[in-house]
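A.B. asks: sequence plus predicted model, see below.
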Amino acid sequence: MKILKFGGKSLANGKGIHTVVDIIHDKVKNGEKITVVLSARGNSTDELEEILEKASKNENYKDQLNAFKNYQIEDFENTNFDSEFNTLDKLFEGVSLLGDYSKRIKDQVLSQGEVISAKLVTQLLQKKNIKANFTDARELIKTDEQFGEAQPLNDLSKKNVITHFQKYNGSTVNVVTGFIASNTKKETTTLGRNGSNYTASLLANYLEAEELQSYTHVNGIYTANPDLVPGAKKIEQLSFNEANELAYFGANILHAKTIIPLIEKNIPLRILNTFDRDSEGTVITSEVREKGIKSLSVLENVALINLQGRGLLGKVGVDARIFRALAHKNINVSFISQGSSERGIGFVVNADKSKEAKDVLEQEFEADFQKHDVSAISIEDEVSVVSIVGQDLSTFHKPYNALIKNQITPLLFNNTVNGKNVSLVVRKAQLHRALNVIHGEIFEISKKVNLAIFGHGLVGGTLIDQMLQSAKQIEKRKNIVLNIFTVANSKKVVFDKDGIDTDWKAKIDKEGKSYTIEDIIKFADEHHLENLIAIDNTASVDFTKNYIPLVTHGFDLVSSNKVANTLSFDFYKELRAKLDKNQKQYLYETNVGAGLPLIDTIKLLHLSGENITRIKGIFSGSLSYLFNTFSSEERQFSEVLQEAIDKGFTEPDPREDLCGNDVARKLLILARELDLSNEFEDVSIQNLIPEYLRTGETSSFLKRLPELNEVYQKVKEEQKPGCVLRYIGDLWGDLSQQKGNLDVKLVSVPKSSALGQVKGSDSIFEIYTESYGDQPIVIQGAGAGAAVTARGVFGDILRLADRE
Ligand SMILES: NC(=O)C1=CN([C@@H]2O[C@H](COP(=O)(O)OP(=O)(O)OC[C@H]3O[C@@H](n4cnc5c(N)ncnc54)[C@H](OP(=O)(O)O)[C@@H]3O)[C@@H](O)[C@H]2O)C=CC1
Ligand SMILES: N[C@@H](CC=O)C(=O)O
């Protein structure tokens with residue numbers, strides 16, 4: 001025998017009730033032995049409660065009563081609920097005359113909802129030629145006299161149930177009213193909140209049923225509320241213990257009262273969806289099949305009360321006084337956490353009880369206030385409790401770190417010693433994001449990283465295309481979902497919280513809107529986006545002003561733009577201090593040597609105590625290409641320069657390369673990696689642009705490139721035989737001092753030397769250290785180009801995404 005229980009939503013007019021009848025019909029035709037337990041239909045119980053209130057206040061209740069009656073019959077011909085409707089008329093009339101009602105009367109009123117529901121379903125089944133028997137649970141389940149929250153008299157009830165079912169056995173379907181019962185005086189009682197589930201589990205227990213199937217409007221129990229966490233997954237199986245923890249945090253069906261009769265007889269409980277008959281639902285059994293974290297539950301409409309005082313230290317009975325005072329007012333504490341110094345006790349109560357709780361505690365601790373033992377009792381209203389069911393402290397650092405990285409600091413947390421459960425109090429405004437962050441960390445196979453891309457020119461555009469192309473592979477290989485939620489240029493931005501697609505360019509052209517950095521921060525906040533990274537692929541000085549606001553709002557930074565690292569040393573330090581304070585990271589591997597692993601290598605050497613004594617080389621990919629090609633081929637300087645521009649090696653304004661600034665920046669960035677505090681002005685730079693061409697628009701400079709030909713042809717010809725031109729950066733001197741010497745200049749070197757042999761757009765970096773002596777560590781490879789640079793930026797993004 002299986003017990004099927006259907007809730008109010010399943011039994012509502014329209015699709016619901018007919019689906020319920022079809023489910024029962026199909027099971028019977030399949031030869032399954034079933035008993036059906038029903039709640040009142042739709043919102044009937046709430047409606048009856050409201051009508052009762054109105055009647056007791058002598059308000060007009062009849063319109064609502066008529067609407068209630070119409071609802072019960074409107075979709076069904078030949079149904080007759082005269083007896084139930086007359087009972088209700090009489091009860092409400094009496095209440096209206098008296099201006100009051102007792103719990104006993106309330107139970108009589110509410111019981112009509114279940115009676116109507118069970119009668120209707122019985123009739124509908126009979127019409128489908130199913131042998132169905134309306135079963136009024138008041139005849140079977142006997143209780144004490146606590147109206148509204150009656151306790152079953154188990155022996156008597158069990159006997160009644162067994163006798164009844166012996167009479168109606170075989171193929172007859174008993175359609176039983178849930179929630180209602182009666183006392184030994186035959187007065188109607190109800191089983192309190194969650195009563196229909198309780199009826200169903202009592203029947204399952206008495207009849208030793210094979211399974212209790214509770215039909216709801218969801219597919220089962222999820223790892224989190226899918227309305228709040230899109231990645232929430234259905235749980236296939238839970239143990240009763242785990243289910244019990246969930247019950248405490250909001251899942252009514254799983255209330256201990258419902259579960260205990262099932263545990264006693266080891267009867268599985270299956271949560272099913274009336275409206276999705278293919279779903280297997282979630283089954284709850286005594287077996288713990290899969291260890292690990294099961295679900296996130298949320299308690300909302302709660303308030304945090306904080307009792308503070310230095311004089312609490314070592315005082316006996318403070319907690320007892322708190323609980324006694326609250327219990328006296330019937331205020332339940334759902335969560336408590338107390339510092340070992342006993343200087344503060346925080347606990348959570350229902351929001352509607354918080355004021356009363358504060359008042360009662362102020363009274364209780366009045367004398368302690370006067371003695372300054374207690375200094376404050378405060379209420380924090382806008383909070384929620386998130387409970388990680390199945391979590392123990394050995395792995396709690398993972399969700400906790402993820403929260404902190406996303407700038408969510410829980411106000412309080414506690415755990416259970418035996419049961420695996422860690423609960424956190426978080427601010428309500430952060431609840432949505434907190435749930436997604438924790439869920440992402442512990443349940444989702446893939447971690448979602450939300451990216452804001454600034455600048456979609458040569459490097460930025462290539463990066464977006466590379467990411468879109470590799471997204472699936474990365475998810476498969478690294479379990480990381482790269483979600484580009486915004487792309488911006490200097491004027492316009494487009495947003496898509498679910499990630500931009502290959503049509504991003506057209507979108508930004510057509511739909512792009514002007515923006516400020518606050519709009520980006522607000523969008524991320526409003527959409528509860530976690531694991532945020534801002535990527536700067538501009539060459540803009542202005543944009544670097546956004547770094548600190550982005551960091552303080554929870555973004556990590558990745559940048560191909562070298563400017564932020566070469567502004568004043570004060571800004572350099574301030575940015576790092578802000579990163580530290582906000583536990584954010586800033587990666588910029590492409591700042592020097594494009595995609596080459598240079599910065600990381602230098603950082604590690606320096607950190608490990610290796611004394612770097614000099615760094616020298618060809619730092620610029622574009623100037624490398626220019627001078628390598630110009631030195632080895634008989635071509636015009638301007639022609640080769642134009643080629644370097646066309647190949648995407650130069651800065652957006654190529655004069656930044658030719659004037660030496662770009663190499664100077666790179667040199668300064670490396671110097672600062674070695675903890676030198678040089679400023680940009682300390683770099684001695686040989687500018688390759690004749691003075692008369694240094695100012696004006698880039699476009700007009702580009703038209704005048706041939707004017708450089710004569711100058712550089714002469715320089716080339718004046719070299720010693722067998723020599724070639726190279727534009728180099730050199731960091732030298734006593735690098736253990738505060739500042740080093742930084743030179744950027746054009747040199748003529750033997751073609752056979754290491755620098756002389758560099759080809760194409762390669763950069764070469766010679767790193768001299770104390771241990772390596774005269775033999776430098778050499779890093780060489782493509783030093784410029786959109787594809788290699790974008791790949792380097794991509795690498796930085798993945799490094800951040802990959803962090804624990
Ligand atoms: N090319 C290479 O080999 C390498 C380049 N880099 C660095 O990469 C960066 C990008 O270079 P590249 O792609 O060639 O440059 P592009 O000129 O091709 O692209 C720059 C992008 O930045 C946008 N932009 C400019 N100012 C702002 C701003 N204030 N806010 C938002 N967006 C802005 C531009 O938008 P709009 O069109 O509206 O101006 C454009 O989309 C540079 O910093 C460069 O130094 C680093 C290593 C190697
Ligand atoms: N313009 C730069 C690009 C990389 O930083 C160069 O030429 O090296």
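C.D. replies: Thanks, I have the structure now. Ligands and ions are numbered 1, 2, ... in the order given.
A.B. asks: from here on, just use CA atoms for contacts and neighbour counts.
C.D. replies: Will do.
A.B. asks: endpoints of stretch 384-402, how far apart?
C.D. replies: End-to-end distance of stretch 384-402: 18 Å, with Cα to Cα, to the nearest Å as the criterion.
A.B. asks: which residues does that stretch contact?
C.D. replies: 242, 245-246, 249, 292-303, 415, 419-428, 431, 435, 437-438, 441-442, 804 (Cα atoms under 8 Å, 6 or more residues apart in numbering).
A.B. asks: let's see that with 6 Å instead.
C.D. replies: For stretch 384-402, the surrounding residues in contact (Cα atoms under 6 Å, 6 or more residues apart in numbering) are 292-300, 420-426, 428, 438, 441.
A.B. asks: and those residues, which of them are buried?
C.D. replies: 293-300, 420-426, 428, 438, 441 (16 or more other Cα atoms under 10 Å).
A.B. asks: so which of those belong to helices?
C.D. replies: Lys428, Ile438, Glu441 (DSSP state H).
A.B. asks: can you put the residues you listed in JSON lines and add pLDDT and distance to ligand 2?
C.D. replies: JSON lines is the format used below for these (pLDDT from 0 to 100; distance: Cα to the nearest ligand atom, whole Å):
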{"residue": "Lys428", "pLDDT": "93", "distance to ligand 2": "45"}
{"residue": "Ile438", "pLDDT": "94", "distance to ligand 2": "38"}
{"residue": "Glu441", "pLDDT": "88", "distance to ligand 2": "36"}
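A.B. asks: switch these over to a markdown table; also include distance to Thr789.
C.D. replies: As requested, those are exported to a markdown table (distance: Cα to Cα, whole Å):
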| residue | distance to Thr789 |
| --- | --- |
| Lys428 | 42 |
| Ile438 | 33 |
| Glu441 | 30 |
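A.B. asks: please pull out the lowest mean pLDDT helix or strand from this structure.
C.D. replies: Lowest on mean pLDDT, DSSP states H and E among the helices and strands of the chain sits helix 240-248, with a mean of 73.
A.B. asks: can you name the element that comes right after that one?
C.D. replies: The C-terminal neighbour of helix 240-248 among helices and strands, as given by DSSP states H and E, is helix 256-265.
A.B. asks: against which helices or strands is the next helix-or-strand element following that next one packed?
C.D. replies: Using DSSP H and E, the helix or strand that directly follows helix 256-265 along the chain is strand 269-273. On a contact count with 3 or more Cα pairs under 6 Å, 6 or more residues apart in numbering; DSSP states H and E, strand 269-273 meets strand 211-216, strand 282-285.
A.B. asks: tally of neighbours for Lys29?
C.D. replies: 12 (other Cα atoms under 10 Å).
A.B. asks: hang on, I meant Ile24
C.D. replies: Using other Cα under 10 Å: Ile24 sits among 20 other residues.
A.B. asks: what does Gln713 give?
C.D. replies: 16.
A.B. asks: how close does it sit to Ala524?
C.D. replies: Taking Cα to Cα, one finds Gln713 at 54 Å from Ala524.
A.B. asks: extract the CA atoms of the least confident helix or strand of the chain and return them as CSV.
C.D. replies: Provided in CSV are the C-alpha atoms of helix 240-248 (Å, rounded to 0.1, in the frame of the first residue of the first chain):
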residue,chain,number,x,y,z
PHE,A,240,15.5,11.6,7.5
ASN,A,241,18.2,13.3,9.7
GLU,A,242,19.2,15.6,6.9
ALA,A,243,15.6,16.2,6.0
ASN,A,244,14.9,17.2,9.6
GLU,A,245,17.6,19.9,9.4
LEU,A,246,15.9,21.2,6.3
ALA,A,247,12.5,21.2,8.0
TYR,A,248,13.8,23.5,10.6
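A.B. asks: if you count contacts, what does it end up packed against?
C.D. replies: Using 3+ Cα pairs under 6 Å, 6+ apart, helix 240-248 sits against no helix or strand.
A.B. asks: what's the offset of it from the middle of its chain?
C.D. replies: Between the centre of helix 240-248 and the centre of its chain there are 23 Å (Cα atoms, centre = their mean, to the nearest Å).
A.B. asks: show the pLDDT at the nearest residue to Asn582 once chain neighbours are set aside.
C.D. replies: Among residues not flanking Asn582 along the chain, Thr552 sits closest, at 6.2 Å (Cα to Cα, 6 or more residues apart in numbering). At Thr552, the pLDDT value in this model is 96.
A.B. asks: same deal with Leu4?
C.D. replies: On the pLDDT scale, Leu4 gets 97.
A.B. asks: list the strands paired with whichever strand or helix holds it, with their directions.
C.D. replies: Using DSSP H and E, Leu4 sits within strand 2-6. The strands that strand 2-6 pairs with in its sheet are strand 34-38 (parallel), strand 211-216 (parallel) (by DSSP bridges).
A.B. asks: any idea which of these is most buried?
C.D. replies: strand 34-38 (a mean of 27; mean count of other Cα atoms under 10 Å).
A.B. asks: which residues touch that strand?
C.D. replies: Applying Cα under 6 Å, 6+ apart, the set of residues contacting strand 34-38 is 1-6, 173-178, 200.
A.B. asks: and it, how far out from the chain middle?
C.D. replies: 39 Å.
A.B. asks: swap in stretch 158-166?
C.D. replies: Using Cα atoms, centre = their mean, the offset of stretch 158-166 from its chain centre is 50 Å.
A.B. asks: buried set for that stretch?
C.D. replies: Buried, per 16+ other Cα under 10 Å, within stretch 158-166: Lys158, Asn160, Val161.
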